[in-house]
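> Structure for this input, please:
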Amino acid sequence: MTTETSAGARKARVERVTKESSVVVELDVDGSGVVEVDTGVPFFDHMLAQLGKHGLIDLVVRTTGDIEVDAHHTVEDTSLAVGQALREALGDKAGVRRFGYAIVPLDETRVLASVDLSGRPYLVHSEPELVELIGSYDTTLTRHIWESIVAEARVTLHVEVQTGRNAHHVVEAQFKAVARALRDAVAFDARVTGIPSTKGTLGA
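Numbering: from 1, shown residues only. Predicted structure coming up:
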């Protein structure tokens, strides 16, 4: 695994290689939502595109994985790399708002997401029971995506599907809501001086 972080810019490049997958993630927190994603799992690509577009994060993801087995390893390793890239890009988080919150509707679905760039990985996630597959995408992976991103990004994330029945809408609205919450949390606040924590640190 290799990581590159750009000095003076909130960008990171992460390479993650295992016997199950090979992942490259390039991430710019201060982007405009330009996304180039290819994981071999089309619906997952679509969801990562939502994360970049609505979070105003420039995101390049290239993954080759053992999708002939199933999508699990590909999705998991990609999510871990995205989380790591986010953590590396944010650095010490000086001057950021730290907290972000969003409620996003998508037709019959409404999702609440809140994030704290705390340096502590913690996930609270709730969604209704969904059909097993959206195309080749296993809907049980959605929670695991958030678990993996949270573990490496070291953030606290709450995602609550308040209402919804269409599986595509339920999953997509989660990514849009998390994107908007992250967009708030990583933004700079002119009134914040230094690290926004009484501890003086939000984790490395």
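
> Show me where this protein has its helices.
Read by DSSP state H, the chain holds these helices, from start to end of the chain: 42-55, 72-90, 141-153, 167-186.

> Export these as TSV, with columns for mean neighbour count, distance to residue 9 and mean pLDDT.
(Glycine included, C-beta is placed from N, CA and C.) Supplementary listing: the helices of the chain in TSV, determined by neighbours: other C-beta atoms under 10 Å; distance: least, C-beta to C-beta, whole Å; pLDDT from 0 to 100:
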stretch	mean neighbour count	distance to residue 9	mean pLDDT
helix 42-55	22	17	97
helix 72-90	24	8	96
helix 141-153	21	18	98
helix 167-186	24	13	98
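
> Export the ones you listed to a markdown table and append columns for distance to residue 102.
Putting the helices of the chain into a markdown table (distance: least, C-beta to C-beta, whole Å) gives the following:
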| stretch | distance to residue 102 |
| --- | --- |
| helix 42-55 | 9 |
| helix 72-90 | 17 |
| helix 141-153 | 15 |
| helix 167-186 | 4 |
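
> Tell me which of these lies nearest to residue 122.
With respect to residue 122, and counting by C-beta to C-beta, the nearest of these is helix 141-153 at 6.9 Å.

> what's the residue closest to the geometric middle of this structure?
Note on the chain: the residue nearest the mean C-alpha position is residue 149, at 5.6 Å, using C-alpha atoms, centre = their mean.

> quick one: contacts for that residue?
The contact partners of residue 149, by C-beta atoms under 8 Å, 6 or more residues apart in numbering, come to 79-80, 82-83, 86, 157.

> now for those residues, which pair is the farthest apart?
Pairwise distances among the contacts of residue 149 were taken by C-beta to C-beta; the largest, 14.6 Å, belongs to 80 and 157.

> wait, which of the helices of the chain is closest to residue 192?
helix 167-186 (12.0 Å).

> Could you measure from the nearest residue to residue 170 once chain neighbours are set aside over to residue 179?
Take residue 170 and drop its neighbours on the chain: the residue closest to it by C-beta to C-beta, 6 or more residues apart in numbering is residue 164, 4.3 Å away. In this structure, residue 164 lies at 17 Å from residue 179, with C-beta to C-beta, to the nearest Å as the measure.

> now do residue 173
Separation of residue 173 from residue 179 (C-beta to C-beta) stands at 11 Å.

> Next: residue 153.
From residue 153 over to residue 179 the distance is 13 Å, taken as C-beta to C-beta.

> next one: residue 160
Per C-beta to C-beta, residue 160 is found 16 Å from residue 179.

> ok, back up a step: around the residue nearest to residue 170, how many other residues sit close by?
Neighbour count of residue 164, defined by other C-beta atoms under 10 Å: 23.

> right, and it touches residue 105 too?
No. If you go by C-beta atoms under 8 Å, residue 164 and residue 105 don't touch, sitting 9.5 Å apart.
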